[in-house]
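K.L.:
Any chance you can model this:
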Amino acid sequence: MTHFLDIHKTDPVALRGIIDNAQAMKTARAGRTRGATDDEQPLAGHMVALIFEKPSTRTRVSFDVGVRQMGGETMLLSGADMQLGHGETIADTARVLSRYVDLIMIRTFDESVLLDMAEYADVPVINGLTDRTHPCQIMADVMTYEEHRGPIAGKKVVWCGDGNNVCASFLHAAGQFGFDLTFTGPMQLDPEGEFVGLARKSGSRIVIERDPVKAVEGADLVVADTWVSMHDSQSTKERRHNMLRPYQVNQELMRHAKADALFMHCLPAHREDEATSAVMDGPHSVIFDEAENRLHAQKAVMRWCLGV
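P.N.:
Residues are numbered from 1 along each chain as shown. Okay, the predicted model is just below:
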């Protein structure tokens, strides 16, 4: 079964093929109406279940549109529809869904839900996000960097802020795509040691630098993400803002990166918190190309999972 669960669990040759296919499909669509179907219909006759325990804008729209562009059909299921793990087991849910659909994408909280779904499903499962990782986002980010600057291998990526699930997948990608990563943020929010170790074992240079100015020196790519979750209490939000304020990506910080450095943010963003509007709308920013490329990268992931 060809699941797409995490970047470090996917062969580097397969990852490169997915990126190349994503770019080829994007190029083939150049100049076409946004909602038009692709000339090639590799998902014709396929039904894809899109499960959202966790709310989403980009993931929901990009997967739904991607399936439709490739000739397939989608079934959207919310956490309320599924009640995963409440009553019926995840294993039984996976077995039942496998009788109805050809592919499952799940966006959930606990990584164990994703892993149980993959273990018991008889169809491929894609990780649309968990609290621990977000591999589809990073596939789009790698695609976006290479679209603008060429191969990402050997480049310096700097992550500013919270060592969260998106940062974790960047660490996975560092090892698989051969780039280096520097994390700058408060000690309390360091990325998981396991993921840092995996990237270093793969040959990537992984640095933790508390001084954001030193961290971004020589950076080819600077990345930020939201400081707070919609589920955080007000006191938690205030505490995190106090910790993370020194790591805001602003014009002054970007001046210490390479002159042609790119800036990314997976969105949604809290402007003037983790990054200023001057950066997000400025010459370094590729945030909307990055958002668009979720569509193309995920189309390629789905084709790889289904072998079509």
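K.L.:
Work out for me the element V158 sits within.
P.N.:
strand 156-160 (DSSP states H and E).
K.L.:
Excluding its own residues, what touches that strand? List them.
P.N.:
Strand 156-160 is contacted from outside by 167, 170, 174, 179-185, 191, 212, 215-216, 218-224, 247-249, 253, 257, 274, using Cβ atoms under 8 Å, 6 or more residues apart in numbering. C-betas here are computed from N, CA, C, even on glycine.
K.L.:
The host helix or strand of D81 - what's its average pLDDT?
P.N.:
Here D81 sits within helix 79-82, counting by DSSP H and E. The average pLDDT for helix 79-82 rounds to 76.
K.L.:
coming back round to it: what residues sit buried inside the strand holding V158?
P.N.:
Neighbour-count burial for strand 156-160 flags K156, V157, V158, W159, C160 (criterion: 16 or more other Cβ atoms under 10 Å).
K.L.:
Could I have the CA atoms of the helix or strand containing S235 written out in PDB?
P.N.:
Remark: S235 resides in helix 234-244, with elements defined by DSSP H and E. Extracted C-alpha coordinates of helix 234-244, given in PDB (Å, rounded to 0.1, in the frame of the first residue of the first chain):
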ATOM      1  CA  GLN A 234      -6.100  33.900  25.900                       C
ATOM      2  CA  SER A 235      -3.500  33.400  28.600                       C
ATOM      3  CA  THR A 236      -1.700  30.900  26.400                       C
ATOM      4  CA  LYS A 237      -1.800  33.300  23.500                       C
ATOM      5  CA  GLU A 238      -0.300  36.100  25.600                       C
ATOM      6  CA  ARG A 239       2.500  33.900  26.900                       C
ATOM      7  CA  ARG A 240       3.400  32.700  23.500                       C
ATOM      8  CA  HIS A 241       3.400  36.200  22.100                       C
ATOM      9  CA  ASN A 242       5.800  37.300  24.800                       C
ATOM     10  CA  MET A 243       8.200  34.400  24.000                       C
ATOM     11  CA  LEU A 244       8.000  34.700  20.300                       C
END
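K.L.:
contact partners of it?
P.N.:
By Cβ under 8 Å, 6+ apart, the surrounding residues in contact with helix 234-244 are G161, D162, G185, P186, Q188, L189, W227, V228, D232, D273, E274.
K.L.:
same question, stretch 96-109
P.N.:
Applying Cβ under 8 Å, 6+ apart, the external contacts of stretch 96-109 come out as 46-54, 56, 59, 63, 72, 75, 84, 94, 113-114, 117, 121-131, 302, 305-306.
K.L.:
Low-confidence stretches in the chain?
P.N.:
83, 85, 230-231 (pLDDT under 70).
K.L.:
Could I get the full set of strands for it?
P.N.:
47-52, 73-78, 103-107, 125-129, 156-160, 180-184, 206-208, 221-224, 262-265 (DSSP state E).
K.L.:
Paired strands for the shortest one, with orientation please.
P.N.:
When you say that, I think you mean strand 206-208. Strand 206-208 sits in its sheet next to strand 180-184 (parallel), going by DSSP bridges.
K.L.:
between the partner strand and strand 156-160, what angle do the directions make?
P.N.:
20 degrees (axes from the mean of the first three to the mean of the last three Cα atoms, to 10 degrees).
K.L.:
For this protein, which segments are assigned as helices?
P.N.:
Secondary structure of the chain (DSSP state H): helices located at 12-28, 58-69, 79-82, 90-98, 111-120, 135-149, 165-177, 193-201, 212-216, 234-244, 251-254, 277-280, 287-306.
K.L.:
among the ones you listed, which is the most enclosed?
P.N.:
A comparison of the helices of the chain by mean neighbour count, using mean count of other Cβ atoms under 10 Å, puts helix 165-177 on top with a mean of 26.
K.L.:
how many degrees apart are it and strand 125-129 in direction?
P.N.:
Using the same axes, to 10 degrees, helix 165-177 lies at 130 degrees relative to strand 125-129.
K.L.:
Put the alpha carbons of helix 165-177 into PDB.
P.N.:
Written as PDB, here are the backbone C-alpha positions of helix 165-177 (Å, rounded to 0.1, in the frame of the first residue of the first chain):
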ATOM      1  CA  ASN A 165       4.400  20.400  13.000                       C
ATOM      2  CA  VAL A 166       5.300  22.400   9.900                       C
ATOM      3  CA  CYS A 167       8.900  22.800  11.200                       C
ATOM      4  CA  ALA A 168       9.000  19.100  11.900                       C
ATOM      5  CA  SER A 169       8.200  18.300   8.300                       C
ATOM      6  CA  PHE A 170      10.800  20.800   7.100                       C
ATOM      7  CA  LEU A 171      13.400  18.900   9.200                       C
ATOM      8  CA  HIS A 172      12.200  15.600   7.500                       C
ATOM      9  CA  ALA A 173      12.600  17.300   4.100                       C
ATOM     10  CA  ALA A 174      16.100  18.600   4.900                       C
ATOM     11  CA  GLY A 175      17.300  15.100   5.200                       C
ATOM     12  CA  GLN A 176      15.500  13.800   2.100                       C
ATOM     13  CA  PHE A 177      16.200  16.800  -0.200                       C
END
